[in-house]
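Participant: build me a structure from this.
(2 chains)
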Amino acid sequence: MELRPLMALSAVRLRLFFREPGSLFWTFAFPILITIALGMAFRNQGPSKNQIVVVAGPQSAALASALSAERGLDVTTVDAAEAGRRLRAGETLLSVEEAATPGAPFVYRYDPSRPEALAARRLVDDTLQHHAGRRDPVPTRDETAIAHGARYVDWLVPGLLGMQLLNAAMWGAAFNIVNARQRRLLKRLAATPMRRGQYLLSYRVSGLVFVPLQVIVLFAFARLAFGVTIQGSPFAVLALALLGSWCFGGLGLLCAARAQNPETANGLINLVTLPMMVVSGVFFASSRFPHLVQPLIRILPLSAFNESLRHVVNDGASLASQSFPIGVMVVWTAVTSVFAVRLFRWT
Amino acid sequence: MDAAIRIENLVKKYADVVAVNGLDLEVRRGECFGLLGPNGAGKTTTVEILEGLVPATSGTVELLGRTWDRDPDALRERIGVALQETRLFDRLTVEETIRLFRSFYPKGALQVETLLAEMQLEEKRSTWVMKLSGGQRQRLAVALGIVGDPEVLFLDEPTTGLDPQSRRALWDTIAALRTRGKTVVLTTHYMDEAERLCDRVAIVDRGKLIALGSPSELIDRIGGHHLVELATDPALAREALASVRGVRSVREQAGTDGFALSIDEPHVTLPALIARLNERGVRPTRLVSRTATLDDVFLSLTGRTLRED
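Facilitator: Numbering: from 1, shown residues only, chains lettered A, B, ... in the order given. All right, here's what the predicted structure looks like:
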């Protein structure tokens, strides 16, 4: 096979990429901006405090000072109406109302579906009971253990790389192809002796340059700004990123195979990417979804990528231990590429 | 084998239209052949079938003795194409674009420098395609058409949308290609372009061939190389004009109350015509004498002008 056209096409891809300010922003700057925003929002500020309110009453000052002695509680005293409003607005986790008559129960109001509210209730109750003289029969002691790579930002960065590679395949490559079809450039190329497969392959070849750059820029930034480190092998990270980009590239090619105009492509791309952005664990863990759908989520390409990359980056896993998600990506790559090439229209 | 292209009973049907409806044509080697017709006549469809981009519904197409079914690779190396309104890579320079297309042709491609010089694009070699003028873009499109040194070159509406000066510059370029022995197939809806560039012209309308020949043969067929357009006040009867010396035919002009007279010798017929007007005591409100064009040929064949619809 004559490789000169493939090299020429790939070189053109690279040139066009670096001459397009938009693609530079979305590929390199955007993921960094998201890392900064989320890294700041979720940075660890010491042990978090639970916001609770005490309903004003004859004993409320004593009650509030007793609760304030507990470090994990942030206590405010307000009247009953305001306490109700704050609960409804989600501004406070729990309200405490003193006993109406001696011997009557204290009242805790909270939403049991919020895990933080349950934790706050337990803490408030313990504090109150201790204050009233309860003694624990078993002595205990707390020790802190902060694991490497266990912060939110450590967890976030691999998912962001997944999102970034998926977006590059969709908005970079697929959209680009549909655009070329609409402006009749694909047709013009099809009228030359160019091997048609080489045009499609040029997107993968140019990825050999883009993908390492994306990995390096994102992880270098995450390390400098947030101290995120790669626990496993950097080469394993690179290999997964390349596999991921091929896998998403196949998906992108499939979206671009027939669409005649950017509007249609736009819809198709959103249809494919948005659900994965939600369920595949980019911003929050997929484990929040019901057990029943977990096997389905696991075989989505972005889930497989995020799962394997997180194991390598956060837990130091080897590639060999990730054979399931890697297999999922290989299958997706093969199936989507074959269908895309069959369905592809040059006119 | 002196035919570069042979088309027999070519038909192309789309879901609801018949774009090409039984076309027979032969293009000789080394000639510049024009496909002339209004928009929607089936010119572009025909050319795209010849270029191997669109499959025919039925009929035979042979290029250089080969068919697209059997020899697609060999054919793509031997033809060159400038499609109608292709937008190339915006942020690639002229030279980079030519080099890219050149890489597709395994052997015998033209040198980049030669091509830049021939297409007068040397000054623009480092300019992004998006910053080129319409004329420069079309010259680049032609350059990409000939970069593989093709035997047959297809130009689909090469000057549509260009200003008169750019059109003339492109005409010179195309005329120069023909002198190098290339077969050129050109579609256009400009009759002056076809008259200027083409050895032979096929006039197509609604997917069918309605006339074939050299531009001057076709003009001969409407009976006379000159046309006089005349309207009078009060209006004259057709017979009063048809009997003037040297008038070969009289046609009512659609949309006006006047007539178009085909004549051969203006210096003989015009004085006789004026004498007839004076003798009838009518005043001309419009009197134009001009050479006949392919547009008049089309009009006399179909009753419509090329620019309509």
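
Participant: who's in contact with residue 173?
Facilitator: Using chain A. With contacts defined as Cβ atoms under 8 Å, 6 or more residues apart in numbering or on different chains, residue A:173 is in contact with A:203, A:249, A:252, A:253, A:256. The C-beta positions use only the backbone N, C-alpha and C, and glycine is treated the same way.

Participant: my bad, chain B
Facilitator: B:118, B:119, B:120, B:139, B:142.

Participant: quick one on the thing from earlier: among the contacts of residue A:173, who's most crowded?
Facilitator: Scoring these on neighbours with other Cβ atoms under 10 Å in any protein chain shown, the highest-scoring entry is residue A:252 at 31 neighbours.

Participant: with just CA atoms, put stretch A:6-25 into CSV.
Facilitator: The C-alpha trace of stretch A:6-25 is given here as CSV (Å, rounded to 0.1, in the frame of the first residue of the first chain):
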residue,chain,number,x,y,z
LEU,A,6,-1.9,8.7,4.3
MET,A,7,1.1,10.7,5.6
ALA,A,8,0.0,13.8,3.6
LEU,A,9,-3.5,13.6,4.8
SER,A,10,-2.4,13.1,8.4
ALA,A,11,-0.1,16.1,8.2
VAL,A,12,-3.0,18.1,6.8
ARG,A,13,-5.1,17.1,9.8
LEU,A,14,-2.4,18.3,12.2
ARG,A,15,-1.9,21.6,10.4
LEU,A,16,-5.7,22.3,10.3
PHE,A,17,-6.0,21.4,14.0
PHE,A,18,-3.3,23.8,15.1
ARG,A,19,-4.6,26.6,12.8
GLU,A,20,-8.1,26.4,14.3
PRO,A,21,-8.3,28.4,17.5
GLY,A,22,-11.6,26.7,18.5
SER,A,23,-10.2,23.2,18.4
LEU,A,24,-7.2,24.3,20.5
PHE,A,25,-9.5,25.8,23.1
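
Participant: do that stretch and chain B meet at all?
Facilitator: Yes: Stretch A:6-25 lies within reach of chain B by Cβ under 8 Å from any Cβ of the partner chain, at A:7, A:8, A:9, A:12, A:15, A:16, A:19, A:20.

Participant: who's in contact with stretch B:206-217?
Facilitator: Under Cβ under 8 Å, 6+ apart, the answer for stretch B:206-217 is B:12, B:18-25, B:41-42, B:45, B:194-195, B:198-204, B:218, B:221, B:225, B:294, B:297, B:301-302.

Participant: restricted to strands, list these.
Facilitator: B:12, B:18-25, B:200-204 (DSSP state E).

Participant: my guess is residue A:302 contacts residue A:276. True?
Facilitator: Yes: using Cβ atoms under 8 Å, residue A:302 is in contact with residue A:276, at 4.2 Å.

Participant: now, which of the contacts of residue A:173 sits nearest residue A:87?
Facilitator: residue A:252 (47.0 Å; Cβ to Cβ).

Participant: okay, and that closest one sits in which element?
Facilitator: If you go by DSSP states H and E, residue A:252 is part of helix A:234-256.

Participant: in that helix, what counts as buried?
Facilitator: Within helix A:234-256, the residues that qualify as buried by neighbour count (16 or more other Cβ atoms under 10 Å in any protein chain shown) are A:236-237, A:240-256.
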